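J.: the sequence and its predicted three-dimensional model are supplied below.
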Amino acid sequence: MSAKESNQAQRAGEIVVEAALIMLDKLEGPELTFHPLPLGTSPAEAAEYARHELGLSPHEPATGLPVLLEHAGLLVVALPLPNIRRDAFSVWLEETHRPVLALLETDAGDRQLWSTAHELGHLLLHRGVGASRELESEADAFARHFLIPEAALNREMPTYPTMQHFAMLKRRWGVSIAALIRAAKRMERIDEDRYTSLFRQMSARGERLRERISIKPTKPRGFRSMAETLFGPNPSSGLAAMTNWTPAFAEDVLSRHATGSELPSRRVTNVVSINSLRARRF
């Protein structure tokens, strides 16, 4: 990202998170179950911890991750920033001791899933630690262990996987074919020559940057759920009045968060738990 794009993302995050915190103060959301892990915790250990906290079995995909994280008490917001070269970023809000994950616009669900897991790795492993290439590598290692546990992949991946097998695994686990090919090499299911050949096939088909098999991104739910609890089923005007946003901007932000009917059907069937009894008139 350029410095300008980074500043735009940070400012958009501040605006949307501020509105979320105002609403959260009027409501009772899910209790936070995640906590930063001690320095020195390995990415594999952190991934095992995270899957346990989310109730994911060792052989269960983590699809629909943004909503799963909301149920675990993380504040997840989607920002109205199209065409920016980043998929997500995260931060611990020190004043509230709550982790925030911001999702930027993308139509590639596999990229969104990996970026979400990558940021979860930062939240668990690197609170209060500055950025570095080593930390980025650790967050990627966390995402790998978290999203495609080797024991599960070892059971499901054929001895001699083809591109068709990788496509089937992508549909199940929600990660890119490229990530699965790298996993196959680490597991010694393919050798260096086969590894190079598979990536050449992807390049020839124009899939190194954008794969043909698409995975739908997951919209977070909590922001819109809070707005609907406070302002009713069509909350844009109430949200705009509370935040001094324009109605159009309020509707734009809301549209990037899931309605009840847009939630992933695989695992999460209810809205993020909000206790409306604490709602106060303002």
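T.: All right, it came through fine. Numbers count the residues shown, from 1 in each chain.
J.: go ahead and flag the most central residue of this structure.
T.: Note on the chain: the residue nearest the mean C-alpha position is residue 116, at 2.7 Å, using Cα atoms, centre = their mean.
J.: is residue 78 bridged to anything, and to what?
T.: For residue 78, the beta-bridge partners are residue 103 (DSSP bridges).
J.: you'd agree the residue nearest to the centre of the chain is in a helix?
T.: Yes. Counting by DSSP: H, G, I helix; E, B strand; the rest coil, residue 116 is located in a helix.
J.: contacts only, for it.
T.: 65, 66, 69, 87, 88, 101, 103 (Cβ atoms under 8 Å, 6 or more residues apart in numbering). For the C-beta atoms, the positions are set from N, CA and C on the backbone; glycine is no exception.
J.: what do you get if the cut-off is 6 Å, keeping everything else the same?
T.: 65, 66, 88 (Cβ atoms under 6 Å, 6 or more residues apart in numbering).
J.: shaky segments in the stretch 1-150 of the chain?
T.: Within the stretch 1-150 of the chain, the ranges that satisfy pLDDT under 70 run 1-2, 83-85.
J.: the helices in it, which residues?
T.: Counting by DSSP state H, counting those that start in this stretch, the stretch 1-150 of the chain has helices at residues 3-26, 43-53, 65-71, 109-125, 133-147, 150-156.
J.: could you redo those as CSV and give each row distance to residue 256?
T.: Shown next, in CSV, are those (distance: least, Cβ to Cβ, whole Å):
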stretch, distance to residue 256
helix 3-26, 9
helix 43-53, 24
helix 65-71, 11
helix 109-125, 12
helix 133-147, 23
helix 150-156, 31
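J.: out of those, nearest to residue 173?
T.: helix 133-147 (6.6 Å; Cβ to Cβ).
J.: report all helices and strands that the closest one contacts.
T.: If you count contacts as 3 or more Cβ pairs under 6 Å, 6 or more residues apart in numbering; DSSP states H and E, helix 133-147 packs onto helix 43-53, helix 109-125.
J.: kindly recompute the last result at 10 Å.
T.: The contact analysis (3 or more Cβ pairs under 10 Å, 6 or more residues apart in numbering; DSSP states H and E) places helix 133-147 against helix 43-53, helix 109-125, helix 150-156, helix 177-186.
J.: rebuild these as CSV, extending it with distance to residue 169.
T.: Listed next are these as CSV, based on distance: least, Cβ to Cβ, whole Å:
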stretch, distance to residue 169
helix 43-53, 18
helix 109-125, 11
helix 150-156, 7
helix 177-186, 5
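J.: which one of those lies nearest to residue 230?
T.: Comparing the helices and strands packed on helix 133-147 by Cβ to Cβ, helix 109-125 comes nearest, at 26.3 Å.
J.: next, the angle from that closest one to helix 177-186.
T.: 60 degrees (axes from the mean of the first three to the mean of the last three Cα atoms, to 10 degrees).
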